[in-house]
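Colleague: Show me the folded form of this:
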Amino acid sequence: MPTPARVVVVPEGEETPTLRVDEVQIPDPGPYQVVVKQFASGICHSQLHQMHRPRPAPVVLGHESTGVVLAKGKEVKHVKEGDHVMVTWVPRDGEKATRRAEAVTLHLPGGGVAQSQNVFTWADVTIADEQYVVSMPKNTSTDVTAIIGCAVMTGSGAVYHTAQVKKGQSVAIFGVGGVGLSAIAAAAVVEADPIIAVDLDESKLEFAKKFGATVGVNASQVDPVGKIRELTQRQDQHDMFGAPVAGADYVFDCIGVRQTMEQILPAARPGVLGASTGGTAVLVGVPTTPVELQAIDLLVNEKKYIGSIGGSCRPDRDFPMFLRWYKEGDLDLDSLVTQRYTIDQIGEATHALEHGKISGRAIMEF
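Modeller: Numbering: from 1, shown residues only. This next block holds a predicted model:
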């Protein structure tokens with residue numbers, strides 16, 4: 001039997017749309033689908049990019065949440081009705097996947113349809129392919145853990161998996177929103193040193209210290225590249241031009257605008273000719289423009305510029321680790337979630353996010 005739901009819908013056409021909440025019927029699950037009654041959903045900055053793109057048809061958004069299974073298809077084996085789960089946008093174990101995940105189309109009031117990109121979680125009930133549904137223990141908080149499915153996975157995973165930062169290595173992180181703070185937390189878990197937070201807002205830099213940042217750099221007041229180099233100078237090592245080696249071992253851009261995408265490469269340390277390769281710049285934020293990189297810096301200093309999508313994570317493997325970090329106090333999700341909204345406040349929530357009013361991560365509670 002179909003399940004009634006309230007779903008946030010982004011109308012077609014408009015580049016600056018007015019979001020609406022529609023009442024729809026969630027269909028019975030197909031063989032590989034799961035219907036989830038939601039506890040909470042993250043409100044991610046990447047959804048703003050989706051909202052401001054031209055759309056030939058309505059879309060439904062959201063890609064990180066927690067909930068309880070209402071119904072499942074006959075081929076779904078890893079969860080059952082009544083289980084608590086997390087919904088995410090990365091296949092839970094892509095290496096073992098043997099089929100393509102099913103897309104979801106919702107029938108809207110008035111006869112239209114809306115499509116999702118993998119999943120949708122801005123809804124009190126959702127339906128998703130089983131590949132995007134990850135089991136979680138029932139004795140775990142169901143509100144703040146909603147952001148594990150994107151913010152934590154993307155930021156922490158970039159440090160832990162993509163870059164594989166080790167104890168004592170230096171890290172600089174541009175942008176200390178939900179993703180950047182998650183990256184800082186992971187850097188603290190692996191005992192990186194120093195952990196340099198870079199942002200334009202002094203209060204956000206101070207907030208970042210709660211998650212493990214050892215120093216803050218206000219890019220509105222100083223040149224962040226120069227400051228990072230100053231903080232990481234090594235007088236006992238010299239680059240091929242004879243200057244002391246300066247720069248972080250790993251530099252992460254958790255924003256994705258042109259300026260920061262171009263700053264992370266020069267902020268990474270150069271290599272030592274005949275002795276060691278240079279540092280690594282890691283693009284984590286969703287890019288909004290092309291970039292221009294200095295190829296000579298990349299070549300001569302043997303630096304690396306790499307991307308990280310979803311923190312190189314496998315949710316089945318990594319979500320239990322992030323839950324353990326939370327339980328043991330290494331990942332302070334209770335502090336990371338700084339704003340809470342209802343589904344009817346989604347317009348207010350996206351406006352606050354777009355104008356930099358969310359210091360950590362916002363969630364929608366049902």
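
Colleague: got a pLDDT number for the residue in the chain sticking out farthest from the centre?
Modeller: Largest separation from the mean C-alpha position in the chain: residue 242, at 39.2 Å (CA atoms, centre = their mean). Note on residue 242: pLDDT of 76.

Colleague: Please apply the same query to residue 15.
Modeller: Residue 15 is given a pLDDT of 69.

Colleague: who touches stretch 53-60?
Modeller: 7-15, 17, 50, 106, 108, 112-117, 120, 122-123 (CB atoms under 8 Å, 6 or more residues apart in numbering). From N, CA and C alone the C-beta is placed, and that goes for glycine too.

Colleague: Return the distance of that stretch from the chain's centre.
Modeller: 22 Å (CA atoms, centre = their mean, to the nearest Å).

Colleague: Go through that stretch and flag the buried ones.
Modeller: 55, 58-60 (16 or more other CB atoms under 10 Å).

Colleague: What confidence value was assigned to the nearest residue to residue 330 once chain neighbours are set aside?
Modeller: Spatial nearest neighbour of residue 330, excluding adjacent residues (CB to CB, 6 or more residues apart in numbering): residue 189 at 5.1 Å. Note on residue 189: pLDDT of 98.

Colleague: Got the phi and psi for residue 189?
Modeller: Main-chain torsions, residue 189, degrees, to the nearest 10: phi -60, psi -40.

Colleague: do you know how far it is from residue 328?
Modeller: Residue 189 is 10 Å from residue 328, where distance means CB to CB, to the nearest Å.

Colleague: again, but for residue 232
Modeller: Shown here: residue 232 relative to residue 328, a distance of 29 Å by CB to CB.

Colleague: same deal with residue 159?
Modeller: For residue 159, the distance to residue 328 equals 17 Å [CB to CB].

Colleague: that older thread, okay, and which of the contacts of stretch 53-60 map to strands?
Modeller: Of the positions in the contacts of stretch 53-60, 7-10, 106, 113-116 sit in strands, assigned by DSSP state E.

Colleague: hmm, back to that, higher neighbour count, residue 189 and residue 328?
Modeller: Here residue 189 and residue 328 are compared on neighbour count by other CB atoms under 10 Å; more neighbours surround residue 189, at 18 against 9.

Colleague: got the contact list for that one?
Modeller: Counting by CB under 8 Å, 6+ apart, residue 189 makes contact with 156, 160, 212, 325, 330-331.

Colleague: from those residues, which would you call buried?
Modeller: Buried positions within these, assessed by neighbour count (16+ other CB under 10 Å), are 156, 160, 212, 325, 330-331.

Colleague: I'd like these written out as JSON lines, with pLDDT, secondary structure and distance to residue 148 added.
Modeller: Below are the buried ones among the contacts of residue 189 laid out as JSON lines (pLDDT from 0 to 100; DSSP: H, G, I helix; E, B strand; the rest coil; distance: CB to CB, whole Å):
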{"residue": "156", "pLDDT": "98", "secondary structure": "helix", "distance to residue 148": "9"}
{"residue": "160", "pLDDT": "98", "secondary structure": "helix", "distance to residue 148": "13"}
{"residue": "212", "pLDDT": "97", "secondary structure": "coil", "distance to residue 148": "18"}
{"residue": "325", "pLDDT": "98", "secondary structure": "helix", "distance to residue 148": "10"}
{"residue": "330", "pLDDT": "96", "secondary structure": "coil", "distance to residue 148": "13"}
{"residue": "331", "pLDDT": "97", "secondary structure": "coil", "distance to residue 148": "9"}
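
Colleague: Redo the residues you listed as JSON lines? Include distance to residue 226.
Modeller: Shown next, in JSON lines, are those (distance: CB to CB, whole Å):
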{"residue": "156", "distance to residue 226": "28"}
{"residue": "160", "distance to residue 226": "28"}
{"residue": "212", "distance to residue 226": "23"}
{"residue": "325", "distance to residue 226": "33"}
{"residue": "330", "distance to residue 226": "32"}
{"residue": "331", "distance to residue 226": "31"}
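
Colleague: What's the end-to-end length of stretch 99-117?
Modeller: End-to-end distance of stretch 99-117: 17 Å, with CA to CA, to the nearest Å as the criterion.

Colleague: quick one: average pLDDT of that stretch?
Modeller: For stretch 99-117, mean pLDDT is 87.

Colleague: buried set for it?
Modeller: Within stretch 99-117, the residues that qualify as buried by neighbour count (16+ other CB under 10 Å) are 101-102, 104, 106, 108, 114, 116-117.

Colleague: Show residues contacting that stretch.
Modeller: Contacts for stretch 99-117 (CB under 8 Å, 6+ apart): 7, 9, 22-26, 30, 32-33, 50, 57-61, 63, 89, 91, 118-120, 127-129, 131-132.

Colleague: what's the most distant pair in the contacts of residue 189?
Modeller: 160 and 212 (13.2 Å; CB to CB).

Colleague: so how many other residues sit close to the residue lying closest to residue 166 once chain neighbours are set aside?
Modeller: Leaving aside its sequence neighbours, residue 166 sits nearest to residue 190 (CB to CB, 6+ apart; 6.5 Å). Counted by other CB under 10 Å, the residues lying close to residue 190 total 19.

Colleague: Sweet, I'm off.
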